[in-house]
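Chemist: dropping a prediction and its sequence here:
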Amino acid sequence: MNIYKVLPDLSNERQMRLWYQGLRKQWSAEDINWKKALPNVSKSKLDDLAKVLTPVLTGEQSALYSVSGLIPVLGHRSEVEGQFYLTTWAVDEARHTELFARYYHRINREPLSIRRFPAGYLFQSRIISKEPAEWLTGVLVSETVAQTVSHEFKEADIDPVLSDICDGILEDEARHLGFNHVYMSDRFKEIYEKEGEEEAEKFANHLEKRRLHVLEGVAPILDALKNELISIGLDRDKIVDTVSTVTKRRLEKSILAGRKATQGIKIKDEDLIVAVGQ
């Protein structure tokens, strides 16, 4: 059973840099000032906020489980640097889950149940895969959704505590998307070099179909929360369009980076972290 290396070489410098960033950028719920006063928000608006936050909380929980499940998968592939980074990613998702669970207590509300919100739970099932590139393609959609929604919550400025939570999460999500880009570009570099352009293009098409499959699960979530989104000031169409456009661009960028790497063109350090809209 190949689940570890006795002496890993740790030669993937880009993944190692993200691992170090993941270690240095850790924070916790204790760093949030929960004593900040809750603004004078109506009861109905808090009800709507609790509903809209449901897919956010379930997304963080699902991400924790799926990230944790991929750590041994990378072990079987002897990809130790990636394993290292995923341990920080799992910690990030655990932190996000705790933050939103605590936030529900702050507003004295509960998330929607599975029975009342099946779209939010079905979306997560589309992401699951034990093939790292397939998983990362699905996660590309969910992480971009999380990043986009966190940015919108911060802009809406509903509650200073929620804004502080989203501010920290935006940094975490940018690192996750940075790893996604690095891992996928490395994977395509390997395919181009070992299997040729035809196989690389075939795999790229496969992942694009997977991206679209996962993306199809986003609109039903937002449609189920249409009135609540309007209530708290989030634009359903803007979120869908942003996620669709950005995920397509990011996947294409990773594939192109893998191809360029075969020509000796290196990726700049600043390209490791992916901000909103890039």
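Modeler: Looks like it came in fine.

Chemist: how about residue 208: what's its closest non-neighbour residue?
Modeler: Using C-beta to C-beta, 6 or more residues apart in numbering and skipping the chain neighbours, the partner closest in space to residue 208 is residue 251 (6.7 Å). The C-beta positions use only the backbone N, C-alpha and C, and glycine is treated the same way.

Chemist: could you count how many residues lie near the one you found?
Modeler: 22 (other C-beta atoms under 10 Å).

Chemist: residues contacting it?
Modeler: 137, 140, 184, 207, 208, 211 (C-beta atoms under 8 Å, 6 or more residues apart in numbering).

Chemist: go again using 10 Å as the cut-off
Modeler: 136, 137, 140, 141, 180, 181, 184, 204, 207, 208, 210, 211 (C-beta atoms under 10 Å, 6 or more residues apart in numbering).

Chemist: what does residue 234 give?
Modeler: Here residue 234 is in contact with 52, 148, 149, 152, 153, 155, 156, 158, 222, 225, 228 (criterion: C-beta under 10 Å, 6+ apart).

Chemist: and the residues you listed, which is closest to residue 94?
Modeler: Of all the contacts of residue 234, residue 149 has the smallest distance to residue 94: 19.2 Å, by C-beta to C-beta.

Chemist: my guess is the closest one contacts residue 166. True?
Modeler: Yes: applying C-beta atoms under 10 Å as the test, residue 149 and residue 166 come out as touching, 8.4 Å apart.

Chemist: follow-up on the earlier one: pipe the contacts of residue 234 into JSON lines and attach distance to residue 199 and secondary structure per row.
Modeler: Formatted as JSON lines, the contacts of residue 234 follow (distance: C-beta to C-beta, whole Å; DSSP: H, G, I helix; E, B strand; the rest coil):
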{"residue": "52", "distance to residue 199": "42", "secondary structure": "helix"}
{"residue": "148", "distance to residue 199": "33", "secondary structure": "helix"}
{"residue": "149", "distance to residue 199": "36", "secondary structure": "helix"}
{"residue": "152", "distance to residue 199": "39", "secondary structure": "helix"}
{"residue": "153", "distance to residue 199": "41", "secondary structure": "helix"}
{"residue": "155", "distance to residue 199": "43", "secondary structure": "helix"}
{"residue": "156", "distance to residue 199": "45", "secondary structure": "helix"}
{"residue": "158", "distance to residue 199": "48", "secondary structure": "coil"}
{"residue": "222", "distance to residue 199": "36", "secondary structure": "helix"}
{"residue": "225", "distance to residue 199": "41", "secondary structure": "coil"}
{"residue": "228", "distance to residue 199": "45", "secondary structure": "helix"}
